[in-house]
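S.K.: have a look at this prediction, sequence included:
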Amino acid sequence: MALLEIAGMSLSFGGIEVLRDLDFAVEEGSITSLIGPNGAGKTSVFNCLTGFYRPRTGQITLAGGRIDRLAPHRVTRLGLARTFQNLRLFRELTAAENVMAGRHCRTGAGALDAVLGTRRHRREEAAIAEAAQRWLGFVGIPDAAERVAGSLPYGHQRRVEWARALATEPRLLLLDEPAAGLNASEKEELIALMRRIRDELGITILLIEHDMGLVMQVSEHIGVLDHGRKIAEGTPDKVQNDPLVIEAYLGRDEDEASEAA
Amino acid sequence: MPLQEILLQQLANGLILGSFYALVALGYSMVYGVIKLLNFAHGDLYMVGAFAGFGCLSLFSGWLGAGWAGIVPSILLSMVAVGLLGVVIDRIAYRPLREAPKLSVLITALAVSMVLENTVLAFTGGQFTAFSTDLGFAGIDLGLVHVTYTQMVLVGTSIVLMVVLELFVSRTRYGRAMRAIAIDPDACRLMGIDVNRTIALTFFIGSALAAASGVLAGVYYGSINFFMGFLIGLKAFTAAVIGGIGNIPGAMLGGLLLGLLEAFGTQIPGIGGQWKDVFVFAFLILFLVFRPTGILGKPEVERM
Amino acid sequence: MSTTTAPAAARSPRGIALTAVVILAALGIPLVANSYQLEVLSEAWFYVLLCLGLNIVVGYAGLLDLGYAAFFAVGAYTAGLVTLKLGLSFWLSLPLAVIAASIAGVVIGGPTLRLRSDYLAIVTLGFGEMVRITVRNLSVTGGASGLVGISRPWLFGYKLNSIGSYYYIFLALALLAVVASHRLERSRIGRAWKYVRSDEDAARAMGINHATIKLSAYVMGAIFAAIGGCFYAAKMTAIAPETFTFNQSLLILLGVVLGGRGKIPGVILGAIVVVVAPELFRDIGSMRMLVFALSLLLIMLLRPAGIWPERWRWG
């Protein structure tokens, strides 16, 4: 059964169509990828899914419930979490505090609880701190907890962002170019981590990625975008051999090659 | 007084007040448009301009008289001096913070405003300074209201300055550079535009306009003080928001509308003079809530 | 750059010892100080309360509030009206002031906190002036001369009359404000304030409703000021609109920024400096605001995190 369904979604900015009549589905328990040349509209899809952009037409459903008219914080509460293409950590806060952000929508103590130090507050705080430590451990950086996020090495900052997203207890995790800026061995670890998230936690993953090797290796299902439209979808094998996909990528490569010459 | 006369009189008052607001709002709006900075010190530049104009006039009145022959060079000198002051402020206080969080820049702007205000306070002892001129009440009768030549010159000067500014921004290379920086400063840097110089120019023009407005207000009201920039700064911002912040014709329109609104608003029974500022702020808040882009501003891309 | 966090440092034995010494000294001061000194120090504790309140808005949530004195006015006038016009107990004015300030906070903050953060600065400035002009123009608030003859409250059978009693009242309020700030800072809501300050979009993607979180900071700040305002009215027995000017808001902001926004010890230090420095250098007299203005400018340009030593840099 499809966990996420996008039907007839279009998005435009000031008259320019960014996405056109997009249909796409993500099966529960899968690792699915969305690929396409630069400017194809992939990040715009994420921004629509997470409520940051409002699509002009179409609908988005998560586990059968519509989410396309909801504000970002509501979408997250319903079980959709994301990472950002350019890291968006709370840089001056510690790694643990960053991950604690993910627990906000799953807890409820208010300002008055905090001032009075109620039992609810203390119980929640203990659970939040424990969860932060646990998620940092899960992504492999348990010792980073008390470090200021902005001072961590790049690869570790990425992991903090993952831990923060996981802490929201998502059903679907959206990863925006998770391999950008990573070296070969870090990419291997990333693939292993994605599989663990899916297999151990049962979280479905949708990723946008430029690294074709990684996409083909990890995904079960791939959608290809070009100029805001879906031009192909299917298994890695099918997509790799699709003439339209080859044209979208290679056609561009030929242009670039002729420009270079 | 017959109603018609009151209305015409308030129309004249509103236009004059509105042209002061518009001149100050222009600088506010230009600076905001180019570097997205709410320059709290802008109203104080109006005040400093008034004092600079007053100083010049005191010097000149001996041999040029305190009529227009003395006032016009005073306005021009004040504009240059305050324009340069604006550039210096940008260089010292704002330029080092271009990449800093917005809150830091806002607090810095506030500090600059306090420094200007309290420096003038220290020099004047907080007293009102009489801005006396030889301009009389001669004028022409337009139907029921008497409009003095001074009033006409004030509005005329404002209009000329605004037209010149609009031509400058829309027709010249520098104006195009300003508009380009407003859209994307990084791209401008890559295109070889000297971003810091263009921003300095924006500060010069905006500050000079505020100074002109300050001197004109001094001439019109006949007295100036260190605190005169506070309220007008707030109102000029209101005017800029009403017109659509960052938009030059919008700032003019907003200034005139606000001037008229205030002039007529005080005539509504039950509102009266002592409530007029409450009235203006309430209007600002309503505008920000219901149409934050102003009358002429373009709506931003819809984001939730 | 040190990577330890504030909580660890605050729990250090040195931190606890230092805090204990400061509190003991503050408790003992009335034994040795004259009434002028007690006046000044009471005001300093009062400013600690106000600055910690504004620190929630400016320091934690990163919002510029230029009309904070308005909430102080709401508290003071509530106490004045409740005791003078309604003839009720002073203590009843506390919950009423909290309610009034919360309503005012929601009415002003609700619609404007969704806007650009810099618009908020202007709207709050306008709001501050509106409140001042309103109490000045209404007859029920005593117009320009304000309310006089506010009766002093009773506590445990004692009438709070002497400056000494107000010294302890304001010291207690300051300590309560410190405890409340400390608890809020490391709570779910307090962290959410910092997330929104740091990166609003990332916070929203984490399921945080940025508008309500900002509103909660704004209202919480308002409540601190309103409670302070009630006790201010009780101490002064007379209040007038000119106490609640833009300058008042600026001084409170100065205390927050000077010491180090977002850092409780820094804010305490800043608040005390703002009150005590002009008394120590009385000859500067009318130049007081100029000196403050210049120091604010220098702080922003040279040491934007305030004079209190940094633990970590601002992003």
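M.R.: Right, received. Where do you want to start? Residues are numbered from 1 along each chain as shown, chains lettered A, B, ... in the order given.
S.K.: contacting residues around the closest residue to A:Trp162 other than its chain neighbours?
M.R.: Spatially, and ignoring its direct neighbours in sequence, A:Trp162 is nearest to A:Val139 (5.1 Å; CB to CB, 6 or more residues apart in numbering or on different chains). The C-beta positions use only the backbone N, C-alpha and C, and glycine is treated the same way. Contact analysis of A:Val139 by CB atoms under 8 Å, 6 or more residues apart in numbering or on different chains lists A:159-160, A:162-163, A:166, A:193.
S.K.: then C:Gly142?
M.R.: Applying CB under 8 Å, 6+ apart, the residues near C:Gly142 are C:148, C:240.
S.K.: at 10 Å what do you get?
M.R.: C:77, C:80-81, C:84-85, C:135-136, C:148, C:238-241 (CB atoms under 10 Å, 6 or more residues apart in numbering or on different chains).
S.K.: quick one: which of these is nearest to A:Arg198?
M.R.: Closest approach to A:Arg198 among the contacts of C:Gly142 (CB to CB): C:Tyr77, at 60.5 Å.
S.K.: roughly how far apart are that closest one and C:Leu50?
M.R.: 16 Å (CB to CB, to the nearest Å).
S.K.: the helix or strand hosting C:Cys230 near chain B anywhere?
M.R.: For C:Cys230, the host element (DSSP states H and E) is helix C:210-236. No - against chain B, helix C:210-236 shows no contacts by CB under 10 Å from any CB of the partner chain, the least distance being 11.0 Å.
S.K.: which helix or strand lies directly C-terminal to that helix?
M.R.: Taking DSSP H and E, what comes next after helix C:210-236 is strand C:238-239.
S.K.: listing partners with orientation, what would you give for that following strand?
M.R.: strand C:147-148 (antiparallel) (DSSP bridges).
S.K.: now do the very next helix or strand once past the strand it pairs with, average pLDDT.
M.R.: Heading C-terminal from strand C:147-148, the first helix or strand you meet, by DSSP H and E, is strand C:154-155. Averaging pLDDT along strand C:154-155 yields 81.
S.K.: and strand C:154-155, what does it pack onto?
M.R.: Counting contacts by 3 or more CB pairs under 10 Å, 6 or more residues apart in numbering or on different chains; DSSP states H and E, strand C:154-155 packs against helix C:90-112.
S.K.: what's the angle between the helix it packs on and helix C:210-236?
M.R.: Counting by axes from the mean of the first three to the mean of the last three CA atoms, to 10 degrees, helix C:90-112 lies at 150 degrees to helix C:210-236.
S.K.: tell me which residues touch residue 168, please.
M.R.: Going with chain A. Contacts of A:Thr168 (CB under 10 Å, 6+ apart): A:76-77, A:79-82, A:101-106, C:205-207.
S.K.: was after chain B, sorry
M.R.: B:Phe168 touches B:174-175, B:178, B:201, B:205, B:248, counting by CB under 10 Å, 6+ apart.
S.K.: same deal with B:His42?
M.R.: Residues near B:His42 by CB under 10 Å, 6+ apart: B:24-25, B:27-32, B:86, B:89, B:109, B:112-113, B:203, B:206-207, B:209-210, B:229, B:232-233, B:236-237, B:240.
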